[in-house]
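Visitor: sequence and predicted structure, then a few things I'm wondering about:
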Amino acid sequence: MSINNKTIISGISNLTQNNFVPTKLFATNFAAGTTKDNFATKTSGSTPSSAWDTISGTDNSTGFAWPGLSASLPNSVPGTPLNINWSSVILQNNYASTMAAVSSYGTAVIQDTVGPDGTIEKELALNLIDTGQINNGSNQPFGGQIWFLLNRISSGTTISASDINDIYVSYYFKHPSSMGSTLPNSGRLVISDFKSGGYGGLYGGDFRVSTTIEKDSSGNLMWRAIADRAGNATPAAAPDGIKSFDTSGNFWYWKETNKVIPVTFNVWHKFELYIHRHATKGLVLWAIDDQIACAHQGRTLGEYGNQWGRFMLFGIYSSYGPGSGSIVRPEIWDFPKDGSVLQSNARKMLAW
């Protein structure tokens with residue numbers, strides 16, 4: 001086969017058509033047809049304790065069914081949206097052995113709000129009330145958490161679905177002003193957490209991408225994206241049984257900090273995140289309010305190739321402890337959608 005301008009152009013065209021055409025995988029406005037079971041599933045008898053508020057039904061405004069099979073957490077299933085086996089809000093407390101009175105620890109409510117464009121729409125409002133006060137005498141940093149979660153693969157199950165190599169998420173989020181004032185210096189407020197593992201004894205997995213708001217020792221706020229392998233807990237030994245697995249500290253692969261985009265509270269922020277998985281040429285592109293906060297090329301796949309296990313899209317988990325926040329209009333695609341500030345950057349960086 002001879003190589004000329006025509007074949008090069010044809011190859012570029014095929015690459016664009018095959019890999020760079022965005023497909024919407026899921027979207028919700030938390031509209032009519034969406035139901036929650038109000039934390040019907042709980043753990044008890046050990047700490048940390050957890051409660052899950054299962055989300056199901058079909059969003060009448062988008063036509064998408066909430067992905068999931070049942071609260072028994074079966075295997076991820078090929079053909080379901082994103083191979084998700086459970087859509088839920090998860091509430092966890094590090095000090096309670098039971099959360100029979102769930103509302104004392106946290107709440108998740110779908111309610112009317114004035115949205116980003118000034119009109120009334122539905123939001124998912126998360127409120128983390130207790131992070132240690134009830135069972136430990138005082139609220140603790142990172143003593144509890146509440147997340148809007150799409151779970152893919154569960155502990156003790158056999159993986160039956162392929163991994164997701166490209167994922168783009170967009171939504172709007174808002175924290176009240178108190179979240180900025182109570183966040184201590186050198187503190188962190190986690191916005192999203194995408195974790196590998198969660199199955200086969202690899203609960204912590206080998207890779208995590210977090211997006212955060214951080215406050216430095218002088219009280220200055222900033223945005224930060226972090227890649228590490230310290231999500232929840234790390235395996236005590238390497239999955240291959242040969243290599244040692246460093247479980248000490250918070251093992252960071254990389255971090256990117258943005259001090260230019262203003263960090264503000266009590267206003268809606270537009271959130272966009274695209275991750276392309278690769279051991280050396282992966283991408284993490286993150287935008288806040290149509291401004292690039294992170295454009296990292298490098299490792300986005302863990303050392304042992306663990307699949308994505310949990311997409312924790314938005315939550316309250318911070319150095320202060322209690323807090324609240326809201327999310328509207330979450331969408332998931334396999335590539336930055338048309339109109340996204342991330343799309344052109346993704347095309348260029350994937351072509352390198």
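Guide: Structure received.
Visitor: could you dump the longest strand anywhere in the chain to CSV, C-alpha only?
Guide: Criterion DSSP state E: the longest strand present in the chain is strand 323-333. Provided in CSV are the C-alpha atoms of strand 323-333 (Å, rounded to 0.1, in the frame of the first residue of the first chain):
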residue,chain,number,x,y,z
GLY,A,323,-21.7,20.4,54.5
SER,A,324,-24.1,20.5,51.6
GLY,A,325,-24.4,21.0,47.9
SER,A,326,-26.6,20.5,44.8
ILE,A,327,-26.3,19.1,41.3
VAL,A,328,-28.4,19.7,38.2
ARG,A,329,-28.4,18.4,34.6
PRO,A,330,-25.8,15.6,34.8
GLU,A,331,-24.9,14.0,31.5
ILE,A,332,-22.5,11.3,30.5
TRP,A,333,-21.0,10.8,27.0
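Visitor: after it comes which helix or strand?
Guide: For strand 323-333, the following helix or strand on the C-terminal side (DSSP states H and E) is helix 343-351.
Visitor: strand partners (parallel or antiparallel) of the longest strand of the chain?
Guide: Strand partners for strand 323-333, identified by DSSP bridges, are recorded as strand 24-27 (antiparallel), strand 120-128 (antiparallel), strand 166-174 (antiparallel).
Visitor: ok, which stretches of this structure are helices?
Guide: 5-19, 133-136, 177-182, 343-351 (DSSP state H).
Visitor: what sits closest to Ser46 if chain neighbours are left out?
Guide: Ser97 (6.2 Å; CB to CB, 6 or more residues apart in numbering). C-beta here means a position set from N, CA and C on the backbone, and glycine is covered the same way.
Visitor: for the one you found, give its distance to Asp130.
Guide: 14 Å (CB to CB, to the nearest Å).
Visitor: enumerate every residue touching Arg188.
Guide: Contacts for Arg188 (CB atoms under 8 Å, 6 or more residues apart in numbering) come out as Thr212, Ile213, Glu214, Lys215, Arg224, Ser318, Ser319.
Visitor: at 7 Å instead, please
Guide: Thr212, Glu214, Ser318, Ser319 (CB atoms under 7 Å, 6 or more residues apart in numbering).
Visitor: which stretches in the stretch 51-200 of the chain count as strands?
Guide: 86-93, 106-114, 120-128, 144-151, 166-174, 188-196 (DSSP state E, counting those that start in this stretch).
Visitor: how big is the angle separating the fifth one from strand 188-196?
Guide: The one in question is strand 166-174. Calculated by axes from the mean of the first three to the mean of the last three CA atoms, to 10 degrees, strand 166-174 forms an angle of 150 degrees with strand 188-196.
Visitor: so what touches strand 166-174?
Guide: Taking CB under 7 Å, 6+ apart as the rule, strand 166-174 contacts 116, 191, 266-276, 313-314, 325-337.
Visitor: dump it to CSV, keeping only the CA atoms.
Guide: Extracted C-alpha coordinates of strand 166-174, given in CSV (Å, rounded to 0.1, in the frame of the first residue of the first chain):
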residue,chain,number,x,y,z
ASP,A,166,-13.5,7.1,27.5
ILE,A,167,-15.9,9.0,29.6
TYR,A,168,-17.1,12.6,29.6
VAL,A,169,-19.3,14.0,32.4
SER,A,170,-21.0,17.4,32.6
TYR,A,171,-23.3,19.0,35.1
TYR,A,172,-23.8,22.2,37.2
PHE,A,173,-23.1,22.2,40.9
LYS,A,174,-23.4,24.7,43.8
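Visitor: mean confidence for that strand?
Guide: The average pLDDT within strand 166-174 is 98.
Visitor: may I see the buried residues of it?
Guide: Within strand 166-174, the residues scored as buried using 16 or more other CB atoms under 10 Å are Asp166, Ile167, Tyr168, Val169, Ser170, Tyr171, Tyr172, Phe173, Lys174.
Visitor: what of the second one?
Guide: Buried residues in strand 106-114, counting neighbours by 16+ other CB under 10 Å, are found at Gly106, Thr107, Ala108, Ile110, Thr113.
Visitor: pLDDT and distance to Gln343 added to those, as CSV?
Guide: Output for the buried residues of strand 106-114, formatted as CSV (pLDDT from 0 to 100; distance: CB to CB, whole Å):
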residue, pLDDT, distance to Gln343
Gly106, 98, 36
Thr107, 98, 36
Ala108, 98, 32
Ile110, 98, 30
Thr113, 98, 28
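Visitor: quick one: low-confidence ranges for this structure?
Guide: Within the chain, the ranges that satisfy pLDDT under 70 run 1-19, 69-80, 156-158, 160, 200-201, 203-204, 232-250.
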